[in-house]
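S.K.: Mind folding the following:
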Amino acid sequence: MLLGQPITSVIDFQPMEPGNLIQTERVKRGWSQSQLGKRVGISQVAVKKIESGETRRSKYFPKIAEVLEIPLSRLDTSLSSSDSNGTIVNHPSVYSRGGPVTELKQIPPERLIGAVDLDVYGTVNGGRGVLVLSSEAFTQVSRPQNLVGIQGAYGVLVSGHSMEREYREGDIAFVNPHLKPRAGDACVFQSHKSDGTVEALIKYLAKSPDASSTLWHVEQSNPPKKFTLKKSEWQICHVAVGKQTGR
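M.R.: Numbers count the residues shown, from 1 in each chain. As a prediction, the model looks like this:
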């Protein structure tokens, strides 16, 4: 079980244009337009036209969404399907954890479809740049689509500015404790102390976990910095899969 915190205000944002979203995800992975094109099976020129907005719809969007691991409906809503209740359902092959960019991490209101049963835990500044998580949830919010039916999912209130641009102070980070963390994921690291308190950090994994390693390799964005955490001290690493903005 883990901790986090709520937000009373709800989301107000403009979704990214498909081309900008594709470019952001491509750059995040360190790929050139040619490298993305090879993975998708199209030319560098075709990728350039899509990213610039010259090509706004493409039959290759499903493959691009799969390669970049983003919801297909973020590229073209006509390529998503609806369930019997009219709820938007993303293409099954493009389940996304999101990425370390604010626009990608925000959960649109129409995707907050679950029951109001997602526990959100409060935080206080514990010094040393860490947060101390509350022992009990102080509120519950609606689940985003990608956490519906996920046992143990929870929310954490973001405090501080080390992840600014992606996670601002006052945002709620949504967490799926069952996903295997990998390089590039925003993660909530927990340190369970002998006195019962739980400290937490929200950082990006700079390197995929190695079972033989005793360290987590992490990074933050404000200021840009890479460092390590001892697994013996930070025993838990859970993947953040979205956020609700506090603004």
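S.K.: Off-centre distance for the top strand by length along the chain?
M.R.: The single longest strand within the chain, with elements called by DSSP state E, is strand 131-142. Remark: strand 131-142 is offset 19 Å from the chain centroid, using Cα atoms, centre = their mean, to the nearest Å.
S.K.: That strand: partners in the sheet, and parallel or antiparallel?
M.R.: Taking DSSP bridges as the criterion, strand 131-142 forms sheet pairs with strand 116-125 (antiparallel), strand 198-205 (antiparallel).
S.K.: Report the mean per-residue pLDDT for that strand.
M.R.: Averaged across strand 131-142, pLDDT comes to 84.
S.K.: Using PDB, list the CA coordinates for that strand.
M.R.: Output of strand 131-142 as PDB, limited to C-alpha atoms (Å, rounded to 0.1, in the frame of the first residue of the first chain):
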ATOM      1  CA  LEU A 131       8.200  13.600   1.100                       C
ATOM      2  CA  VAL A 132       6.600  11.900   4.100                       C
ATOM      3  CA  LEU A 133       3.500  10.100   3.000                       C
ATOM      4  CA  SER A 134       0.300  10.100   5.200                       C
ATOM      5  CA  SER A 135      -0.600   6.800   6.700                       C
ATOM      6  CA  GLU A 136      -4.200   7.000   5.500                       C
ATOM      7  CA  ALA A 137      -5.800   8.400   2.300                       C
ATOM      8  CA  PHE A 138      -7.600  11.600   3.000                       C
ATOM      9  CA  THR A 139      -9.800  11.600  -0.100                       C
ATOM     10  CA  GLN A 140     -10.700   9.600  -3.100                       C
ATOM     11  CA  VAL A 141     -11.000  10.700  -6.700                       C
ATOM     12  CA  SER A 142     -12.300   9.200 -10.000                       C
END
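S.K.: buried set for stretch 133-152?
M.R.: By 16 or more other Cβ atoms under 10 Å, the buried positions in stretch 133-152 come out as 133-134, 137, 139, 141-147, 150. All C-beta spots, glycine's among them, are computed from the backbone N, C-alpha and C.
S.K.: just stretch 233-247 next, same as before
M.R.: Buried residues in stretch 233-247, defined by neighbour count with 16+ other Cβ under 10 Å: 234, 237-246.
S.K.: And stretch 224-232, by the same measure?
M.R.: By neighbour count with 16+ other Cβ under 10 Å, stretch 224-232 contains the buried residues residue 229.
S.K.: rewinding a little: just name the most buried of the strands paired with strand 131-142.
M.R.: strand 198-205 (a mean of 22; mean count of other Cβ atoms under 10 Å).
S.K.: what sits up against that strand?
M.R.: By Cβ atoms under 8 Å, 6 or more residues apart in numbering, the residues outside strand 198-205 that reach it are 2-3, 100, 123, 126, 129-133, 135, 156, 158, 162-163, 167, 173, 181-193, 216-221, 229, 234, 237, 240.
S.K.: Can you show me the CA trace of that strand as PDB?
M.R.: Provided in PDB are the C-alpha atoms of strand 198-205 (Å, rounded to 0.1, in the frame of the first residue of the first chain):
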ATOM      1  CA  VAL A 198       7.100   6.200   4.700                       C
ATOM      2  CA  GLU A 199       9.200   8.600   2.700                       C
ATOM      3  CA  ALA A 200       8.800   9.100  -1.000                       C
ATOM      4  CA  LEU A 201      10.400  10.600  -4.100                       C
ATOM      5  CA  ILE A 202       9.100  11.100  -7.600                       C
ATOM      6  CA  LYS A 203      11.900  10.700 -10.100                       C
ATOM      7  CA  TYR A 204      12.500   9.300 -13.600                       C
ATOM      8  CA  LEU A 205      14.300   6.000 -14.000                       C
END
